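**Q** based on what follows, work out the 3D shape:
(one chain, ligands or ions: 1)
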Amino acid sequence: MYHVPALMTEAVEALQVRPQGVYVDATFGGGGHARAILARLGQGGRLLAFDQDEQAEANAQQAPFAGHVGFQFIRANFRHLKRHLRAWGVLPGTVDGILADLGVSSHQLDTAGRGFSFRFEGPLDMRMNPGEERTAADWLNESTEAELQDLFSRYGEVRNARTLARACVQFRESTPFRTTNDLVRVCDQALKSLKGMDRARYLAQVFQALRIAVNDELGALQDFLRDATEMLRPAGRLVVISYHSLEDRLVKNWLKAGNAEGTPQSDFYGNIRRPFEVVTRKPIEPTEAEIQQNPRARSAKMRVAEKREAAQPEYDNEPGP
Ligand SMILES: C[S@@+](CC[C@H](N)C(=O)[O-])C[C@H]1O[C@@H](n2cnc3c(N)ncnc32)[C@H](O)[C@@H]1O
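**A** Down below sits the predicted model:
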């Protein structure tokens, strides 16, 4: 199985698919969510799906996607959503719904040659798009100690980030980082006291931190949110599933205020500008039953918002007489 989609029913329902509507799946992966969206589309409906991974593209070349008149796969980073959608004839302000199911697919995680997981020996790569220049090994070999410390603590909230950064620099003085095992060994030596689940959690945090940096995941998400806001029509829906707190915070702030900080901005007249009406005050999470069947869904958090009508100012204070 390439990937078991998380919150499948909830996500597709949240999109409120109209048979003739235009929808975007920003993270096609194994096409699980896309398949469910496509099944709800009728004649004239469109689904444009993005993924930067060539293996996801191969999935899009199979049934029911291949040859489907309403379906288009776009092999690209979703941070350039607007540019690519325009190239496919979709104008800003016209999209009915956009879904992003962030992070990596199970297939990416479980393929040793991609280097995403500490559980398999493989090249320390971690690029979702193998066409990108810098691998995880390059980051470890070329960053300064301070940069590594910052990366581990900012993106992984890793304990003892300073000790780990120093251990990485010491390791590469004798031999450059090449494989996932090189990094596992350095982590084990730097934090000898960690065992069992604690060790697994620690390694997962370290690997996740590197992955976020290699793929500039937070930068890409911010660009995506900006473009998605422009592309949606009034009352169009944005559905985002995230898997760690940094992503979720960014999404939450964006839906609340239309910016990464979550601080509503006023226009020239003092009207607060909020591009979205938040549909889910609290994020939707998988049920126990789903987690039992698909443990990888356990950290999923889904947020949904509806684009506001552009011409509806919201007043900071009660308007005067
Ligand atoms: C969790 S999987 C999506 C699974 C999908 N919903 C399904 O049902 O199979 C995330 C996918 O998003 C892709 N991805 C992550 N960040 C991306 C980005 N910035 N641009 C394009 N694709 C991205 C990954 O390559 C991966 O295939």
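**Q** for the ligand, give me its nearest residue in the stretch 201-321 of the chain.
**A** residue 220 (3.9 Å; CB to the nearest ligand atom). Every residue, glycine included, has its C-beta placed from N, CA and C.
**Q** burial measure for that residue, as a count.
**A** Neighbours of residue 220 under the rule other CB atoms under 10 Å: 19.
**Q** can you list the weak-confidence ranges in the stretch 151-300 of the chain?
**A** Along the stretch 151-300 of the chain, segments meeting pLDDT under 70 span 196-197.
**Q** re earlier: so the residue of the stretch 201-321 of the chain closest to the ligand, which of the three states?
**A** helix (DSSP: H, G, I helix; E, B strand; the rest coil).
**Q** chain neighbours aside, what residue packs nearest to it?
**A** For residue 220, ignoring the flanking residues on the chain, the nearest one in space by CB to CB, 6 or more residues apart in numbering is residue 79 at 4.1 Å.
**Q** rewinding a little: what about the residue of the stretch 201-321 of the chain closest to the ligand, distance to residue 105?
**A** Distance, residue 220 to residue 105, using CB to CB, to the nearest Å: 16 Å.
**Q** swap in residue 195?
**A** From residue 195 over to residue 105 the distance is 30 Å, taken as CB to CB.
**Q** the two: who's more crowded?
**A** Shown here are residue 195 and residue 105; by other CB under 10 Å, residue 105 has more neighbours (26 against 8).
**Q** so that one sits against residue 56, correct?
**A** Yes: look at residue 105 against residue 56 with CB atoms under 8 Å: they come within range, at 7.2 Å.
**Q** now the common contact residues for these two.
**A** 29, 30 (CB atoms under 8 Å, 6 or more residues apart in numbering).
**Q** contact partners for the closest residue to residue 95 other than its chain neighbours?
**A** Spatially, and ignoring its direct neighbours in sequence, residue 95 is nearest to residue 231 (4.6 Å; CB to CB, 6+ apart). By CB under 8 Å, 6+ apart, the residues touching residue 231 are 24, 81, 82, 85, 90, 92, 93, 94, 95, 98.
**Q** top of those residues by number of neighbours, please.
**A** In the contacts of residue 231, the most neighbours by other CB under 10 Å go to residue 24, 31 neighbours.
**Q** which SS class is that one?
**A** Three-state call for residue 24 (three-state DSSP): strand.
**Q** report the contact partners of residue 111.
**A** So residue 111 contacts residue 122 (CB under 8 Å, 6+ apart).
**Q** cool, residue 310 as well?
**A** Contacts for residue 310 (CB under 8 Å, 6+ apart) come out as residue 234.
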